[in-house]
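K.L.:
Okay, here's the prediction I keep looking at, along with the sequence it came from:
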Amino acid sequence: MMLAWPNVFAVHMSETNSTIYGTEIHLDSVQMDMISSMVFVGSMPGHLLAGWLVGTIGRRKSMIAAGIPTILGTLLVALSYNSYMLIFGRFLEGVAFGMTLVSSRTYIVEIAGLNSRGAASVIVNVMTQLGSLIILGLGIVFSWYYVAFVSCGTMLTYCCLIIPSVPESPAYLVVNKRETEALAVLLQLRGPNADIHEELRHIRNMNELNGSKREGFRGLLHPSYLKTLLVLFCLFFIANFSGVQVLKSNTVRMLQSSELKVNRSVSAIVVTVALLVGNSIMMLVLDKIGRRYCLISSFCLIAVAYYCLGSYYYIMDYSHLNQELHIKNLLPVTSNTTVAYDNNSSAGAETFNWSWVPMACLMLAALGQSTGAGPIPYIFSSEYFPANVRSQGMSVCSTMSGLQSFAVLQLFSPLQDNLTSGGLYWVYAAAATVGIPYTIFFIRETKGKRVG
């Protein structure tokens with residue numbers, strides 16, 4: 001809900017810039033970029049805080065604790081009367097986003113069975129898109145501040161009703177020498193026919209492999225973990241600079257320069273549906289074909305989509321420039337019959353309407369990123385580390401990803417102004433292209449392997 005909310009805000013700012021108090025609020029292009037990017041600035045301390053909390057008080061309590069900055073942030077956004085309140089509220093929402101991301105993904109990886117771990121991890125993304133659809137749908141009917149109140153109510157339900165009813169992670173219980181409780185949880189999760197004692201033994205062995213003293217953030221200094229972090233940092237960099245977060249937060253703004261005559265809120269919903277379809281497909285195939293194949297196909301789709309979109313905007317800008325020059329050249333001789341001929345030719349050319357191309361390209365990009373580049377780096381960051389350093393490893397990776405996402409979102413307007421829209425999308429396509437050989441040579445598969 002927090003990630004998709006900027007699309008609702010952008011639509012209402014283009015129509016009316018009123019607040020809940022009836023006053024006006026004004027934001028320049030840099031501040032509009034910050035509405036999206038501040039979530040990722042706030043996520044960085046949120047990731048690090050969660051990395052400590054998840055290992056200290058447990059996965060379940062950490063997920064509940066994430067509700068505090070969420071409620072404060074969403075209320076501040078809804079009640080904002082100037083840009084400073086709005087941006088700070090988005091920062092607090094970012095802290096909550098970071099905390100929730102680390103704690104929930106760590107929890108899911110540890111409670112899921114061996115053959116369903118990939119699908120379970122993608123459930124996070126499926127529910128993310130459902131939340132986005134709810135927010136975008138509400139944005140058609142309600143103003144941006146009422147939509148923010150919905151996010152607040154949803155988080156209260158999450159913290160007070162949903163999370164208190166789930167069991168603690170068995171891996172966390174094993175690491176903290178509470179094996180009797182871990183057995184009870186495993187029995188509840190796996191059923192009476194599963195070999196829960198073997199799973200318990202494997203969890204214990206994986207976390208003792210490098211010594212019990214290597215727990216917490218200090219444990220990440222082990223050479224094997226440092227190598228893993230470097231590989232994941234590069235993967236997150238490629239994924240983020242291929243436009244993964246930009247598409248989620250700036251769908252409306254990405255279509256503003258196109259000639260598509262469709263309601264902006266509806267267009268954002270259509271792209272979000274493509275994200276949801278991609279996540280659903282990935283949930284079905286991830287544990288069958290593996291993470292690496294999904295990631296490679298994902299980068300291929302993103303590259304094709306953004307190369308086509310960049311080419312569309314380049315041709316459109318070139319065509320508009322030629323038309324302007326043509327009109328300037330013809331103005332002194334408007335009575336010439338050649339002018340009538342040229343106008344008829346232009347009118348004939350206008351019958352070919354290509355305004356659907358940006359929407360089609362964004363849908364293809366959404367399908368691509370939702371089948372790999374969006375969720376898989378986070379899945380790897382939770383599967384590449386054992387339980388005693390999992391939350392810390394994931395928090396460091398997520399912090400770096402948050403910094404990269406902030407940079408990409410904050411550079412959206414400057415790059416578009418300096419490179420044109422075509423150049424901006426070619427940059428995203430080039431990053432996705434680099435991701436294909438990188439995945440082939442540097443990413444190791446985790447399908448069907450125990451992670452501890």
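P.N.:
Arrived safely, thanks for sending. Numbers count the residues shown, from 1 in each chain.

K.L.:
who's in contact with the residue nearest to Q245 when sequence neighbours are not counted?
P.N.:
Nearest residue to Q245, sequence neighbours excluded (CB to CB, 6 or more residues apart in numbering): S405, at 4.5 Å. C-beta coordinates here come from the backbone N, C-alpha and C atoms, glycine included. By CB atoms under 8 Å, 6 or more residues apart in numbering, the contact set of S405 is S37, F40, S43, N240, V244, Q245.

K.L.:
repeat that with 6 Å
P.N.:
F40, N240, Q245 (CB atoms under 6 Å, 6 or more residues apart in numbering).

K.L.:
if I look at the last one, how far off is T251?
P.N.:
Q245 sits 11 Å away from T251, taking CB to CB, to the nearest Å as the criterion.

K.L.:
Could you do V166 as well?
P.N.:
The value you get for V166 to T251, if CB to CB is used, is 32 Å.

K.L.:
again, but for M282
P.N.:
20 Å.

K.L.:
Could you do N125 as well?
P.N.:
With distances taken as CB to CB, N125 is found 16 Å from T251.

K.L.:
okay, those two: which has more neighbours?
P.N.:
Ranked by neighbour count (other CB atoms under 10 Å), N125 and T251 place T251 first, with 27 against 24.

K.L.:
what's the nearest residue to that one if we skip its chain neighbours?
P.N.:
A268 (4.3 Å).

K.L.:
Just give the number of residues close to the one you found.
P.N.:
So A268, with other CB under 10 Å, has 30 neighbours.

K.L.:
So which elements touch the helix or strand harbouring it?
P.N.:
In this structure, A268 sits in helix 264-289 according to DSSP states H and E. With contacts defined as 3 or more CB pairs under 6 Å, 6 or more residues apart in numbering; DSSP states H and E, the packing partners of helix 264-289 are helix 5-15, helix 117-141, helix 251-256, helix 357-368.

K.L.:
for those, which one sits closest to A66?
P.N.:
helix 117-141 (13.6 Å; CB to CB).

K.L.:
Strands along the stretch 1-150 of the chain, start to end?
P.N.:
Applying DSSP state E, counting those that start in this stretch to the stretch 1-150 of the chain gives no strands.

K.L.:
As TSV, the helices and strands packed on helix 264-289 with distance to G94 would be great.
P.N.:
TSV is the format used below for the helices and strands packed on helix 264-289 (distance: least, CB to CB, whole Å):
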stretch	distance to G94
helix 5-15	12
helix 117-141	15
helix 251-256	19
helix 357-368	22
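
K.L.:
ranking those by mean pLDDT, which is last?
P.N.:
With a mean of 72, helix 251-256 has the lowest mean pLDDT of the helices and strands packed on helix 264-289.

K.L.:
With just CA atoms, put that one into PDB.
P.N.:
Presented in PDB, the C-alpha positions along helix 251-256 are these (Å, rounded to 0.1, in the frame of the first residue of the first chain):
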ATOM      1  CA  THR A 251       3.600   4.400 -13.100                       C
ATOM      2  CA  VAL A 252       1.400   7.500 -13.500                       C
ATOM      3  CA  ARG A 253       4.400   9.800 -14.000                       C
ATOM      4  CA  MET A 254       5.900   7.400 -16.600                       C
ATOM      5  CA  LEU A 255       2.700   7.600 -18.700                       C
ATOM      6  CA  GLN A 256       2.400  11.400 -18.400                       C
END
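
K.L.:
Which positions within it qualify as buried?
P.N.:
T251, V252, R253, M254, L255 (16 or more other CB atoms under 10 Å).

K.L.:
Going by distance to Y307, which of the residues you listed wins?
P.N.:
Once CB to CB is applied, the member of the buried residues of helix 251-256 that ends up nearest Y307 is M254, at 15.4 Å.

K.L.:
Nearest residue to the closest one in space, please, no chain neighbours.
P.N.:
L362 is the one closest to M254 (CB to CB, 6+ apart), at 6.5 Å.

K.L.:
on that earlier part again, wait, which of the helices and strands packed on helix 264-289 is closest to L230?
P.N.:
Of these, nearest to L230 by CB to CB is helix 117-141, at 22.2 Å.

K.L.:
Mind giving me the packing neighbours of the closest one?
P.N.:
Checking 3+ CB pairs under 6 Å, 6+ apart, helix 117-141 ends up next to helix 144-157, helix 264-289.

K.L.:
any idea how far stretch 299-318 is from the chain center?
P.N.:
21 Å (CA atoms, centre = their mean, to the nearest Å).

K.L.:
got it, and stretch 20-29?
P.N.:
Worked out by CA atoms, centre = their mean, stretch 20-29 lies 27 Å from the chain centre.

K.L.:
Give the rounded mean pLDDT of it.
P.N.:
85.

K.L.:
now swap in stretch 42-55 and tell me
P.N.:
Stretch 42-55 comes out at a mean pLDDT of 89.

K.L.:
same check, this time on stretch 157-175
P.N.:
89.

K.L.:
mind listing what's buried in that stretch?
P.N.:
In stretch 157-175, the ones that count as buried by 16+ other CB under 10 Å are Y158, C159, I163, P167, E168, S169, P170, A171, Y172, L173, V174, V175.

K.L.:
Narrow the residues you listed to those in helices?
P.N.:
P170, A171, Y172, L173, V174, V175 (DSSP state H).

K.L.:
Which single one of these is nearest to Q188?
P.N.:
Distances from Q188 to these, taken by CB to CB, are shortest for P170, at 9.3 Å.

K.L.:
what sits against the closest one?
P.N.:
A182, V185, L186.

K.L.:
Could you verify my assumption that the second one touches V166?
P.N.:
No. Contact status for V185 versus V166: not in contact, 10.0 Å apart, counting by CB atoms under 6 Å.

K.L.:
my guess is L92 meets T74, correct?
P.N.:
No. Counting by CB under 6 Å, L92 stays clear of T74, with 8.3 Å between them.

K.L.:
These two: who's more crowded?
P.N.:
Neighbour count, other CB under 10 Å: between L92 and T74, T74 has more, with 28 against 23.

K.L.:
from memory P377 sits against C234, does it?
P.N.:
No. P377 is beyond contact range of C234, at 10.0 Å (criterion: CB under 6 Å).

K.L.:
Looking at these two, which one has more neighbours?
P.N.:
Neighbours were counted for P377 and for C234 using other CB under 10 Å; P377 has more, 25 against 17.

K.L.:
Over to that one. Which of the three states is it?
P.N.:
Under DSSP: H, G, I helix; E, B strand; the rest coil, P377 falls in the helix class.
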